[in-house]
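Peer 1: Fold the stuff below for me.
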Amino acid sequence: MRILVDLLGFTGGRGGTETYVRELLPRLATVLADAELIVVTGRAGSEHVREFFPGRIETVPWVGADRATWALGEIAAVIPTARRVGADLIWSPANFGPLRRGPVRRVVSVHDVIYHEVRGAGLSALPRKITAWLMTRTARSAHKVLTVSDAAAASISSHLALPRTRIAVVHNGSTPARPVQDPAAALATLDLPAGRPIVLSAGNRMPHKNFLGLLDALSSIAPADRPLSVLVGGGDDDPLRPAVAARGLEADVVLPGWVSAEELAALYAVATVYACPSLTEGFGLPVVDAMRAGCLVIANDIPVLREVGGDNAFYADARDPESFGAALSRVLMIDDHEKDVRRAAGRSWSERFSWDAAALGVAAVLRSATEGETAGA
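Peer 2: Below is the predicted model:
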């Protein structure tokens with residue numbers, strides 16, 4: 001069995017879908033010991049892929065880091081490469097792939113349908129509409145669609161008009177919390193004031209992440225009771241800065257930009273609560289990672305976050321700032337014994353999401369697709 005893994009869009013800096021690939025591919029090489037995995041990537045991704053993939057890499061030199069050549073490569077390069085290397089299956093793990101059925105069977109991992117659910121406005125609407133169309137064509141022409149949660153499967157079936165039987169669900173994994181011997185030293189450059197409970201949240205600043213809603217929730221808490229919130233992400237020129245200033249939250253919100261892995265681990269170690277106000281997600285890996293690191297979690301009350309957080313997270317409506325702010329305040333005020341019980345339960349729950357189990361699940365789907373089966377797993 002020969003599987004061509006479509007990593008044309010891999011650049012080393014595209015976040016969640018690249019974490020998915022980095023964690024799964026080395027494990028799949030072991031789980032699918034009787035198969036040959038071959039990666040096709042562009043010039044921007046070739047060296048990055050070599051860092052974690054032990055097998056053969058085919059590079060398409062005219063595909064760069066831009067989305068235009070990536071899209072063109074999906075149309076013009078993937079199926080011809082699959083035919084040239086004699087692949088039995090093409091797996092596209094990052095939402096996009098060829099737009100038509102060819103002589104080689106295909107599986108595509110669709111992580112979410114955010115571009116269908118949050119369409120944007122003004123100048124942002126057109127590229128989001130194009131992205132949604134490309135994802136739809138890719139998914140409809142694939143023999144099987146892989147996704148990462150039951151909630152995502154339901155959304156894919158609804159928005160992309162796909163039969164549920166063509167969609168297989170394999171949950172993402174999580175990794176053990178990284179130990180940090182001296183969190184205060186690791187966070188020295190952030191100059192966090194001492195003595196205040198810390199709320200942590202992280203992510204890009206796309207609208208569906210709802211960081212403006214989180215700022216409004218923090219504004220609804222009386223200043224004397226307001227926690228210190230550290231909102232990781234956004235880069236050096238974080239677009240949230242004007243919103244923080246407009247709400248008078250400069251003393252209550254720290255915007256460190258993107259942080260190192262050690263700094264993030266240290267923030268998990270010192271945070272009391274991790275807040276996830278996101279309006280839509282495919283999986284919600286930060287919720288699982290926060291639990292595994294020993295944080296209490298408060299999340300927006302949507303199906304996918306309940307799926308990954310179970311009974312061990314707290315939930316509130318993040319579209320209602322006062323409701324979310326009041327719920328956050330209640331979580332901060334629970335006694336130490338209940339906090340310890342919740343932390344232990346959260347760690348235990350989070351450990352069920354492992355990348356080893358995910359690799360076994362993905363391998364089963366790829367094998368069944370290669371053998372001609374189309375039913376969901």
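
Peer 1: Tell me the confidence at residue 102?
Peer 2: The model reports residue 102 with a pLDDT of 86.

Peer 1: Wait, it touches residue 76, no?
Peer 2: No: taking Cβ atoms under 8 Å as the definition, residue 102 is not a contact partner of residue 76, at 11.8 Å. C-beta: built from backbone N, CA, C; applies to glycine.

Peer 1: where do the helices sit along the stretch 1-150 of the chain?
Peer 2: Under the criterion DSSP state H, counting those that start in this stretch, helices of the stretch 1-150 of the chain are mapped to 16-31, 46-50, 67-76, 78-85, 114-117, 125-141, 150-159.

Peer 1: Just put those in JSON lines and tack on mean pLDDT, mean neighbour count and distance to residue 40.
Peer 2: As requested, those are exported to JSON lines (pLDDT from 0 to 100; neighbours: other Cβ atoms under 10 Å; distance: least, Cβ to Cβ, whole Å):
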{"stretch": "helix 16-31", "mean pLDDT": "92", "mean neighbour count": "19", "distance to residue 40": "13"}
{"stretch": "helix 46-50", "mean pLDDT": "91", "mean neighbour count": "16", "distance to residue 40": "10"}
{"stretch": "helix 67-76", "mean pLDDT": "90", "mean neighbour count": "17", "distance to residue 40": "9"}
{"stretch": "helix 78-85", "mean pLDDT": "96", "mean neighbour count": "18", "distance to residue 40": "5"}
{"stretch": "helix 114-117", "mean pLDDT": "84", "mean neighbour count": "20", "distance to residue 40": "24"}
{"stretch": "helix 125-141", "mean pLDDT": "87", "mean neighbour count": "17", "distance to residue 40": "15"}
{"stretch": "helix 150-159", "mean pLDDT": "96", "mean neighbour count": "20", "distance to residue 40": "24"}
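
Peer 1: what's the closest of the ones you listed to residue 343?
Peer 2: Residue 343 lies closest to helix 16-31 among these, at 24.1 Å (Cβ to Cβ).

Peer 1: can you list contacts of that closest one?
Peer 2: The contact list for helix 16-31, computed with Cβ atoms under 8 Å, 6 or more residues apart in numbering, reads 5, 7, 10-12, 37, 39, 52-55, 93-95, 109, 111, 148, 172-173, 175, 285, 355-356, 358-360, 362-363, 366.

Peer 1: how does it look with 7 Å?
Peer 2: The contact list for helix 16-31, computed with Cβ atoms under 7 Å, 6 or more residues apart in numbering, reads 5, 7, 10, 12, 37, 52-55, 93-95, 111, 172-173, 285, 355-356, 358-360, 362-363.

Peer 1: lowest-pLDDT helix or strand in the protein?
Peer 2: For the chain, scoring each helix and strand by mean pLDDT, DSSP states H and E identifies helix 114-117 as the least confident one, at a mean of 84.

Peer 1: Distance from the chain centre to it, please.
Peer 2: Mean C-alpha position of helix 114-117 versus that of the full chain (Cα atoms, centre = their mean, to the nearest Å) differs by 15 Å.

Peer 1: other SSEs contacting it?
Peer 2: Contacts defined by 3 or more Cβ pairs under 7 Å, 6 or more residues apart in numbering; DSSP states H and E place helix 114-117 against helix 125-141.

Peer 1: change it to 8 Å
Peer 2: Applying 3 or more Cβ pairs under 8 Å, 6 or more residues apart in numbering; DSSP states H and E, we find helix 114-117 packed against helix 125-141, helix 150-159.

Peer 1: what stretches of the chain score poorly on pLDDT?
Peer 2: Within the chain, the stretches with pLDDT under 70 are 14, 119-124, 372-377.

Peer 1: Quick one: the strands in it, in order.
Peer 2: Here the chain has its strands, by DSSP state E, at 2-7, 36-42, 56-60, 89-92, 105-109, 144-147, 167-169, 198-202, 228-232, 253-254, 273-276, 296-300, 314-316.

Peer 1: Parallel or antiparallel, list what pairs with the third one.
Peer 2: Strand partners for strand 56-60, identified by DSSP bridges, are recorded as strand 36-42 (parallel).

Peer 1: ditto for the fourth one
Peer 2: Under the criterion DSSP bridges, strand 89-92 sits next to strand 2-7 (parallel), strand 105-109 (parallel) in its sheet.

Peer 1: among the ones you listed, which is nearest residue 297?
Peer 2: strand 105-109 (25.3 Å).

Peer 1: Kindly export that closest one (C-alpha atoms) in CSV.
Peer 2: Only the C-alpha atoms of strand 105-109 are listed here, as CSV (Å, rounded to 0.1, in the frame of the first residue of the first chain):
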residue,chain,number,x,y,z
ARG,A,105,-8.8,7.3,-4.3
ARG,A,106,-8.7,10.3,-1.9
VAL,A,107,-9.2,11.1,1.8
VAL,A,108,-9.3,14.7,3.1
SER,A,109,-9.2,15.8,6.7
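
Peer 1: With that, I have no additional questions.
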